[in-house]
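Student: sequence and predicted model, in that order:
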Amino acid sequence: MTTASAIIRDAETEPCLPWPRHVLPPAEWARMAATLADEPTLALLALWADTGHAYALLLDETARTPLLVSTTVEAGGYSALSLVRPVAAWFERMVHDLWGHTAIGGTDQRPWLDHGHWPQTAPMALRVGPPGGRSEPPEFLSAGSDELDQIPLGPVDGGIAAASHLRLTGRGETIVRLEARLGYTHKGTLTLMRGKSPRAAARFAARLSAEATVAHAIAFARATEAALGCEIPPRAVAWRAVMAELERVAVHLGDLGATADAAGFAVVSALCASHAEAIHRAAQLAFGHRLMMDCVIPGGVAADAAPGGPEAIGRALASLAGGLPDLERLHNSAPLAGHLSGTGVITVAAVARFAAGKADLPPFSSSVPLREEAAGGDNAIRDNPSTSPKRDAERAAPRSPAAGDIADRARTRLMEIAESIRLTRTLLEAIPAGAVSAPLPPASGEGIGFAEAARGDIWHWLRLDHGQIASVFMRDPAWAQWPLLELALAGQQAEDLPLILASFGLTSSGVDL
Amino acid sequence: MLWQRIGRTLRDGPRAEPPAPVDAQTAASLAGRLEAAAQAKLGRSLAILHVDAGSCGGCEIELRALNSVIHDLERFGIRFVTSPRHADVLLVTGPLTRNLVEALEQAWTATPEPKFVVAVGDCAVDGGVFKGSYAVTGGVGTTLPVDLLIGGCPPTPERILAGLRALLEANARS
C-alpha cells in the first residue's frame, strides 16, 4: 500500500526554498489524507490557503524534514485532514472563515474567526462575500447531560491577559470539558501583509504575538531570505541569536512568575519579575526596544547593538545566573512543588497527537540559521556548529520529562533559561565583525522560515511576486497548544484553572491572526 | 533561608524603585479636561480593569511589568481589579477588533460612574499598524469616550505609570 509520504514524494514539485512544495492534484491530496492515518510520524504543523489553493505543512519526524504540500481548491472545497489529524480542525475553520474554502468531510464546520461582525465574509477570497456572518451567539459542543453546569469565562476576564472565551462544563468542582472560543483578537493581519514589501510586512509579523515577537520576526525574515536567495551577514546572525535567547529568557521568567503567582507564591513571581525587568532594560539599552520589536528585519537586523549594550546584557544575565539556584530551590520547596506536581498533566501521546512540538522537537534552535543540505533530502535541518552548547545541554538533560505536569513545565523552563544564559554568553564573546544587513532584491520566489520561540516552534511560509508579498501564512505554536489545554483540563478541579492556564502561557493573538 | 531573605530585604530595602515626580503639564491639561467634563471626583485611588481589545500582547507584557514588584503600584493607590463593577478606569489595549466591540461596550456599561477610559498603546489610540483592516474599528475612541491616550508600541511601564498618576493628580485637583 502506498504511504502518505510516498504519495507526497512522488508528486511534482514547485520551487520553494529550502524545502520544495509538492503539488498534489485534488484526488492525490484526498488519498494522502486517507493514508495519513497509517503514518503517525507525519505531524501536521499547519494548514492554510490562498485564493485558489490549500496548503499543508507536515513534519516528517523520522527524516526530520518538513514537507510542504498544496492542492487546487475545486468547487470551493478540498479534502479535510481533521479526520486523521485532529489539530487540523481549527485550521480548517480558519481557512473557511478567511478564504471561504470548505474542508470536505471535516470534523467541525462551525465558524471560527468570523463572529459575524465584519463588514464582509471570506475577506481574503477572490470575491469577498457580503456581510452577515452567522456566529452570535456561538454554538458550543453539547455537554451531554443536563445535570452539568456551564461557566462562561471571558472575553473580558479581568486578568492582564489576551482576550479569549473559555466555556467550562463541570460537575460541581470538577471540570468535565473545557472548550475555547477564540477569534476575538482577529486583526486581519494576513490581508494587511499582502501586496507589501517584506520590510514593511515584517512589522506585522513582529506583532502577531508579542511574546514571540523576535521569533516571529526571525521566521519571517528567514522565509523572505530563503525565497530571495539572500545571505545575511554573520554579525546579523549573531545579534538575532542574542535577541532570540533574551526573549526566551524573559518569556520563561514571565511564565514561571505567572504560574507561581497563580499558586500563591508571591516571592517567586517577584524574583522572576525583577530578573525579567533587568533583561528588558538591557534589551532597551542594546537594541533600542524593551521587547526587541522590529529589531529583526528581512535581510538582517535593524541596527547594530548600541555601545555598552552587550555589557548590559552580560550584567543582566550574570545577575540572573546568580539568582537561578534560588529560583530552583524555591520551585523544589515542598509548598510550591506540592501545588505544581500532578496538576495539569499533558501526556506525551497528546503532545504528539497535536504536533505541539517541544517534547518531540528535533534539536534545532531559532538562534542560528538552518543550513539545508544541498545534496540529499534526508536530514535537511541542521544546526549551525555554534549551537553546540545548546545541543549538549539538551543531550545531558532530555526535554521530554515523564510526568508532563506543571512542575515539569517549570523545570523545563528553568533548564532552558540556564541554557540560554550559557548560549548568549558564548555568542557575546565572539560577535563577528561586519555589516548587520544585506539588501533584498525585489525578486519573486517562495520560501519557508523557522524559528523556535520560548513556547514552541514557529513556521512562516510566503510567496513573493516581484518583491511584494503575494501570499503568506504564519504558524504560531499556540495552534497546537490550545487543543492540549482542552485535554489537560478535563477532570481537573475548577480552582486549579488559573494555575493550569498560567503554566501553558497561551496567547490568542498568534492564532487569531 | 527565610531568615536570609528577611535579612537581605532589611539590608537592601524593597525592590521597588523610587517614583518619578508626576508630570505637572499632563496633570494640568487633564485637570482642565476633567473639569470641563464635570466629572465627579474619584478620590485618591484608582481601581483599574484591563480590557484587551485585540492587542498582540505587547502592551500586556508591559502592564504585567507595571504591576510587578518593580513599580509597586499600591503605593500610589493604583491597583488592578478583575470586575468592571469594581473599576474606576477601563484600561484598554489593542486596535479594538470588531469581534470585541460588544464585549468592550458591556464592560463599559457595567462600570459604575464616575469612570475613565484610558487607551494604552498606539493600537488603542488610533488602530496603529492595523488601521484600515476590515477586522478593526481603529482605536478605542471609535466606540467609547477616551479620557487619556498613552501612545507607544508598546509604551514602557514608566510611561503608563506617568499617565495614570497624572490622571490621579488631575482628579484630585479638579
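Tutor: Arrived safely.
Student: tell me the SS of the residue nearest to residue A:8 when sequence neighbours are not counted?
Tutor: Once flanking residues are discounted, residue A:8 sits nearest to residue A:22: 4.9 Å by Cβ to Cβ, 6 or more residues apart in numbering or on different chains. Heads up, the C-betas are built off the backbone N, CA and C, glycines and all. Look at residue A:22: counting by DSSP: H, G, I helix; E, B strand; the rest coil, its state is strand.
Student: what are the bridge partners for residue A:22, then?
Tutor: residue A:13, residue A:69 (DSSP bridges).
Student: up against chain B, what does the stretch 251-400 of chain A have?
Tutor: When proximity is defined by Cβ under 8 Å from any Cβ of the partner chain, the stretch 251-400 of chain A lies next to chain B at A:254, A:257-258, A:267, A:269-270, A:273-274, A:276-277, A:280, A:290-291, A:293, A:329.
Student: sorry, that was for the stretch 401-513 of chain A
Tutor: A:507, A:509.
Student: low-confidence ranges, the stretch 401-513 of chain A, go.
Tutor: Where the stretch 401-513 of chain A drops to pLDDT under 70, the residues are A:401-403.
Student: dead centre of chain B: give me the residue that sits there.
Tutor: The residue lying closest to the centre of chain B (Cα atoms, centre = their mean) is residue B:91, at 4.3 Å.
Student: distance of residue A:227 from chain B?
Tutor: 22 Å (Cβ to the nearest Cβ, to the nearest Å).
Student: show me what contacts that residue?
Tutor: A:16-17, A:445-447, A:462-464 (Cβ atoms under 8 Å, 6 or more residues apart in numbering or on different chains).
Student: what do you get for residue A:326?
Tutor: So residue A:326 contacts residue A:271 (Cβ under 8 Å, 6+ apart).
Student: next one: residue A:197
Tutor: Listed by Cβ under 8 Å, 6+ apart, the contact set of residue A:197 reads A:442, A:467-469.
Student: swap in residue A:155?
Tutor: Going by Cβ under 8 Å, 6+ apart, the list of residues near residue A:155 reads A:163-165, A:184, B:52, B:100, B:103.
Student: over to residue A:497?
Tutor: So residue A:497 contacts A:166, A:168, A:175, A:489 (Cβ under 8 Å, 6+ apart).
Student: mind redoing it with 10 Å?
Tutor: A:151, A:153, A:166, A:168, A:170, A:175, A:178, A:262, A:344, A:489 (Cβ atoms under 10 Å, 6 or more residues apart in numbering or on different chains).
Student: what average pLDDT does the helix or strand encompassing residue B:7 get?
Tutor: In this structure, residue B:7 sits in helix B:2-12 according to DSSP states H and E. If you average the pLDDT over helix B:2-12, you get 82.
Student: and that helix, what's buried?
Tutor: By 16 or more other Cβ atoms under 10 Å in any protein chain shown, helix B:2-12 has no buried positions at all.
Student: each with direction, which strands does the helix or strand hosting residue B:149 pair with?
Tutor: Counting by DSSP H and E, the element that carries residue B:149 is strand B:148-150. Counting by DSSP bridges, the strands paired with strand B:148-150 are strand B:116-120 (parallel).
Student: the partner strand: what's the following helix or strand?
Tutor: Downstream of strand B:116-120 (by DSSP H and E), the next one is helix B:122-126.
Student: that older thread, each with direction, which strands does the host helix or strand of the residue nearest to the centre of chain B pair with?
Tutor: Using DSSP H and E, residue B:91 falls within strand B:89-93. With DSSP bridges as the test, strand B:89-93 is paired with strand B:46-52 (parallel), strand B:116-120 (parallel).
Student: would you mind telling me which of those is nearest residue B:154?
Tutor: strand B:116-120 (7.7 Å; Cβ to Cβ).
Student: so for the longest helix seen in chain B, what's the average pLDDT?
Tutor: Longest helix in chain B, counting residues (DSSP state H): helix B:157-173. Helix B:157-173 shows a mean pLDDT of 85.
Student: same thing with stretch A:275-288?
Tutor: So the average pLDDT for stretch A:275-288 ends up being 96.
Student: chain center to that stretch, what's the gap?
Tutor: Here stretch A:275-288 is found 23 Å from its chain centre; the criterion is Cα atoms, centre = their mean, to the nearest Å.
Student: kindly report the same for stretch A:85-102.
Tutor: The chain centroid and the centroid of stretch A:85-102 are separated by 17 Å under Cα atoms, centre = their mean.
Student: same check, this time on stretch A:60-77
Tutor: 18 Å.
Student: drop anything exposed from the contacts of residue A:197.
Tutor: If we count by 16+ other Cβ under 10 Å, the contacts of residue A:197 have these buried: A:467-469.
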